[in-house]
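Student: output the structure for:
(2 chains)
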Amino acid sequence: MSARERVAGQVANYVDERTGSAKWLKKTLTKVFPDHWSFMLGEIVLYSFIILLLSGTFLTFWFDPSMREVEYEGSYEPLSGLKMSAAYASTLHISFDVRGGLLMRQIHHWAALIFMAAMVAHLMRVFFTGAFRKPREFNWIIGVGLLTLGIVEGFLGYSLPDDLLSGTGIRIAEAIIQALPVVGSYLAYFIFGGAFPGEMFIQRIYVVHILLIPGIFLALITAHLMLVWYQKHTQYPGPGRTEKNVVGYPLMPVYMAKAGGFFFIVFGVTAFLGAFASINPLWLYGPYTPGQISAGSQPDWYMGWLDGLVRMAPPLETYWFGYTISWNILIPGLIIPGIIFTGMALYPFIESWMTGDKREHHLLDRPRNAPNRTALGAMSITFMLVALINGGNDLIATHFDLSINQIMWFTRIGIIVLPPLVFVITKRICLSLQRADRELVLHGRETGRLVMLPHGEFIEVHEPLSPQRAYLLTQHEQLPALEPVAADANGVRNPRGAKAKIQARLSRANQEQIAKPTPKELLEIEDHH
Amino acid sequence: MSNEIAPLTDPGLPEHIHRKADVDPRAAKRAERQVGILFLLSVFGTLLFIYAYVGIDESIFIFLPIMGTTNAHQLFLGLGLAMSLFFIGMAAVHWAKTLMPDHEVIDHRKEQRSKDEDRSAFVATVKERAGEAGLGRRPFIKRTMGLALGLVGLSPILLLRDLGPLPENELNETNWKAGTRLVTDPGDRPLKPSDLEVGGVAQVQPEFPPGKERHLDDIAKDSVLLIRIRPEEFNLDPERLSWTYEGIIAFSKICSHMGCAVALYEQTTKHLLCPCHQSTFDVTRAAKVIFGPAARALPQLAITVDSEGYIVAKAPFNEAVGPSFWERDSK
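Tutor: Model (predicted):
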């Protein structure tokens, strides 16, 4: 036994005698994780969260979350002597008078953007591969919660410096609160401690931004990871991979090295962006005052779709029975996002209702084999993209020499017309891909080699697929559509008749498939050749 | 479309292919060197960071293509930090990929649900223990407990009451009164009609008595834009026309949609544009909305001149300025 082994043994002994964790640790260290690049998206979210905690803590050492008016005396001369809030002045101090301060601010902001982007990419991966299916519905809902909180947290974060741009964002948020029926103006006065902008808001959102939401994040992320751990990771289909196993690499040492290394890579890339790519140069905007504005006011991208929806809303306001309701704010600002996020949270249950499938799933779907779901996802992305484009309509207008009115009308019509169109196209593409898979399995791969037969006919030589590939293309299940049960055998009408009919109709749409080749068909073809 | 189809038979995991480093000791040695070099690059990054922190003056700016002029101190701090972190990661991943075992391992998975006997034992326990609590047999406790638990949440909600004052009538009020002078923002100078040329725009605030300070709360509702066009260009009803003075018209600068400052005035079209959501208002028609999501015209402030020739408000705003709210009188 070498000295190193002896020390390792002693440490293990010390820990186990005090915790009794030897068995659990052994199981944990040999735990298997399947390998795929798309499984790293969630890791990026986790790592950028850690980067946000580290860089954010650094920023709190100097940031002064106060709207008290001060005169700026720091080293950035263009703003010298100007009256501003202590929050803005301390942000300038971090940017110009703390060594590495600007770097940390930029790392913090870039990490926030990466955090949100990776979260959306992770969500798409989970959605398109059907990883949210039973037993992982809880984790899907936790994920939707994290996404929603992430948007709020990001918004609060860029509101803190109290510069002209972020102050305008707060003004818009205040208008949304104020537009709430019945309680709006009261709620706004409570949150802002009086009339907008008041003197309380920054210190209030500060504690929410650095304590409350990160705390909730930490709890939710822990629960999310524990569930992943406990339920074992899903895996992509392929030879040797079944619903009953997990194929991959053990945690120690391969995954520890890979995942640990990946944390440093993500941090390194974020630091690189922070060093080279300027983000939110708020000294150029000046301090916030409600009477001014900077042209080209843009939120961060994850809020951009919301702003785009608000921009494209028709000018609808009602005055009924002496009360004003701003539909032009409520519909795009609250009702549509509410529908989108609720629908997203409920989707696993909706899909399982449509398919009637209540079984566990650990093998992922290839997106083409779930055409309806894939089309639904593509449709939602289209909706968001059109909204996002309109959120930047002023920038697009100036960069591409278009008029804002043209873009606005394009998106107003596009947001209604394009998503259904994309749904149909995507679904057709999925079915075509299924057809192509079927052809491949039945007739093999086109080699591009032409051969002339003795009687003069030209044929292209097809090469049969490897058994592995053929298995991959045919391993998926094709469930039959549900039949509507209008009446039982004795002719008694089903009390759930209407609901069952809708379910059967949706199920029919959902289960539209190109039948995959059967072993029998394959045999027949082989005989034929 | 039937599910009787059995999939083709599973050929099982493909055969493991050895990497070069697994079979060739020289390749393994090479991989080891590469990992070492990556770690050394990280060390270099840390040294660069330390050098930048103490050795590069913060006043040095350098020019980089695409990035433009950049502060050298911040740039090299960042570059050092990025390198020191990134290459640790690269080294670890390279190490894992070339030298650590790459045999795929199979772990078995069992169904998530517990065994049937565990499930029924659980249900039985819950029933038994709940029975011991006797909630079902003692309805008085059940009801009073429900009442107590329902009410206890009220105290923390009530505690939040002092977060802010009640809005009262404040959302309907501004500091504009009949006779209030319009003063420039910034500058606080009163204005005469002759100070504003045709085509000119000025941002103004109500004049405050000496000693009263102007807060952001005041600016958030008092801000007014003064615009002068040729009087014959107005397309107003007689009442609104009487609110203007020699071609000068005054509007609340706070957008009627979501409260942004309506700051972009286009002289040729006489349109006011809000940069936040592109609501567009026609100055010649009392800031009527001609495009975008805003539902109401910008409130117009009636102006005239006082005995000394300065522009003053003829009356307060006749409606609430800024974004809508439930109690707003929008007749």
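Student: what residues sit buried inside stretch A:62-69?
Tutor: By neighbour count on 16 or more other C-beta atoms under 10 Å in any protein chain shown, the buried set for stretch A:62-69 is A:63-67. All C-beta spots, glycine's among them, are computed from the backbone N, C-alpha and C.
Student: mind listing the helices for the stretch 1-150 of chain B?
Tutor: Ranges of helices in the stretch 1-150 of chain B, per DSSP state H, counting those that start in this stretch, are B:20-23, B:25-55, B:72-98, B:116-133, B:139-152.
Student: can you tell me which of those helices is most buried?
Tutor: helix B:72-98 (a mean of 22; mean count of other C-beta atoms under 10 Å in any protein chain shown).
Student: give me phi/psi at A:D163?
Tutor: The phi/psi pair for A:D163 (degrees, to the nearest 10) reads phi -90, psi 180.
Student: in CSV, list the helices of the stretch 1-150 of chain B along with distance to A:S294.
Tutor: Written out in CSV, the entries for the helices of the stretch 1-150 of chain B read as follows (distance: least, C-beta to C-beta, whole Å):
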stretch, distance to A:S294
helix B:20-23, 56
helix B:25-55, 32
helix B:72-98, 24
helix B:116-133, 61
helix B:139-152, 48
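Student: just the closest of the buried residues of stretch A:62-69 to chain B, please.
Tutor: A:M67 (8.2 Å; C-beta to the nearest C-beta).
Student: what sits against the closest one?
Tutor: A:M67 sits next to A:85-87, A:162, A:197-203 when contact means C-beta atoms under 8 Å, 6 or more residues apart in numbering or on different chains.
Student: surely A:Q231 and A:K134 touch.
Tutor: No - A:Q231 lies out of contact with A:K134 (C-beta atoms under 8 Å); the separation is 10.3 Å.
Student: list just the nearest of the buried residues of stretch A:62-69 to A:K258.
Tutor: A:F63 (35.6 Å; C-beta to C-beta).
Student: would you confirm that the closest one contacts A:L160?
Tutor: Yes - using C-beta under 8 Å, A:F63 makes contact with A:L160 at a distance of 7.2 Å.
Student: enumerate the residues of the stretch 1-150 of chain A near chain B.
Tutor: Contacts of the stretch 1-150 of chain A with chain B, taken as C-beta under 8 Å from any C-beta of the partner chain, map to A:30-32, A:35, A:99-100, A:102-103, A:106-107, A:135.
Student: which one of the helices of the stretch 1-150 of chain B lies closest to B:K331?
Tutor: helix B:139-152 (41.1 Å).
Student: please see if the following helix or strand past that closest one touches chain A.
Tutor: Note on helix B:139-152: by DSSP states H and E, the next helix or strand toward the C-terminus is helix B:154-159. No - against chain A, helix B:154-159 shows no contacts by C-beta under 8 Å from any C-beta, the least distance being 11.1 Å.
Student: next helix or strand past helix B:154-159?
Tutor: Using DSSP H and E, the helix or strand that follows helix B:154-159 in sequence is strand B:182-184.
Student: quick one: mean pLDDT over that following strand.
Tutor: The predicted model assigns strand B:182-184 a mean pLDDT of 94.
Student: how about stretch A:254-264?
Tutor: 94.
Student: stretch B:87-102 too?
Tutor: 94.
Student: one more: stretch A:29-46?
Tutor: 93.
Student: CA atoms only: put it into CSV for me.
Tutor: Listed in CSV are the C-alpha atoms of stretch A:29-46, where the atom choice follows Å, rounded to 0.1, in the frame of the first residue of the first chain:
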residue,chain,number,x,y,z
LEU,A,29,-19.1,8.0,-6.6
THR,A,30,-19.8,5.2,-9.1
LYS,A,31,-23.1,6.8,-10.2
VAL,A,32,-23.5,6.7,-14.0
PHE,A,33,-24.2,9.7,-16.2
PRO,A,34,-25.0,9.4,-19.9
ASP,A,35,-22.9,11.6,-22.1
HIS,A,36,-24.3,14.1,-24.7
TRP,A,37,-23.4,17.7,-25.5
SER,A,38,-27.0,18.8,-24.9
PHE,A,39,-26.8,17.6,-21.3
MET,A,40,-24.3,20.3,-20.7
LEU,A,41,-26.8,23.1,-21.2
GLY,A,42,-28.3,22.7,-17.8
GLU,A,43,-24.7,22.6,-16.4
ILE,A,44,-24.1,26.0,-17.9
VAL,A,45,-27.1,27.3,-16.0
LEU,A,46,-25.8,26.0,-12.8
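Student: buried ones in that stretch, by neighbour count?
Tutor: Buried residues in stretch A:29-46 (16+ other C-beta under 10 Å): A:31-35, A:38-46.
Student: from chain B, how far out is A:P237?
Tutor: According to C-beta to the nearest C-beta, to the nearest Å, A:P237 stands 10 Å off from chain B.
Student: correct me, but that residue touches A:L473?
Tutor: No - with contact defined as C-beta under 8 Å, A:P237 and A:L473 do not form a contacting pair (9.8 Å).
Student: neighbour count winner among these two?
Tutor: Counted by other C-beta atoms under 10 Å in any protein chain shown, A:P237 and A:L473 do not tie: A:L473 has more neighbours, with 22 against 19.
Student: nearest spatial neighbour of that one, skipping sequence neighbours?
Tutor: Among residues not flanking A:L473 along the chain, A:D437 sits closest, at 4.5 Å (C-beta to C-beta, 6 or more residues apart in numbering or on different chains).
Student: repeat that for B:K177.
Tutor: Per C-beta to C-beta, 6+ apart, closest to B:K177 is B:P316, 5.6 Å.
Student: still on that earlier bit, going by distance to B:I227, which of the buried residues of stretch A:29-46 wins?
Tutor: Distances from B:I227 to the buried residues of stretch A:29-46, taken by C-beta to C-beta, are shortest for A:V45, at 49.7 Å.
Student: secondary structure class for that closest one?
Tutor: Counting by DSSP: H, G, I helix; E, B strand; the rest coil, the backbone at A:V45 sits in helix.
Student: what are the phi and psi values at the residue nearest to B:K177?
Tutor: phi -70, psi 170.
Student: state the distance from it to chain A.
Tutor: For B:P316, the distance to chain A equals 17 Å [C-beta to the nearest C-beta].
Student: can you list the residues of the stretch 351-500 of chain A near chain B?
Tutor: Residues of the stretch 351-500 of chain A lying close to chain B (C-beta under 8 Å from any C-beta) are A:360, A:362, A:393-394, A:404-405, A:408, A:441, A:467-468, A:470-471, A:474-481.
Student: now the buried members of those residues.
Tutor: In those, burial by neighbour count holds for A:362, A:393-394, A:404, A:408, A:441, A:468, A:470-471, A:474-476, A:478-479, A:481, counting by 16+ other C-beta under 10 Å.
Student: quick one, phi psi at A:P287?
Tutor: Torsion angles, degrees, to the nearest 10, at A:P287: phi -70, psi 160.
Student: elements contacting whichever strand or helix holds A:V7?
Tutor: Taking DSSP H and E as the definition, A:V7 sits inside helix A:3-19. Secondary-structure packing of helix A:3-19 (3 or more C-beta pairs under 8 Å, 6 or more residues apart in numbering or on different chains; DSSP states H and E): helix A:22-29.
Student: strand partners (parallel or antiparallel) of the helix or strand just after the helix it packs on?
Tutor: Using DSSP H and E, the helix or strand that follows helix A:22-29 towards the C-terminus is strand A:32-33. Strand pairing for strand A:32-33, using DSSP bridges, gives strand A:245-250 (antiparallel).
Student: which other residues reach the partner strand?
Tutor: Counting by C-beta under 8 Å, 6+ apart, A:29-35, A:232-233, A:235, A:240-241, A:255, A:258, A:362, B:13, B:102, B:104-109 sit against strand A:245-250.
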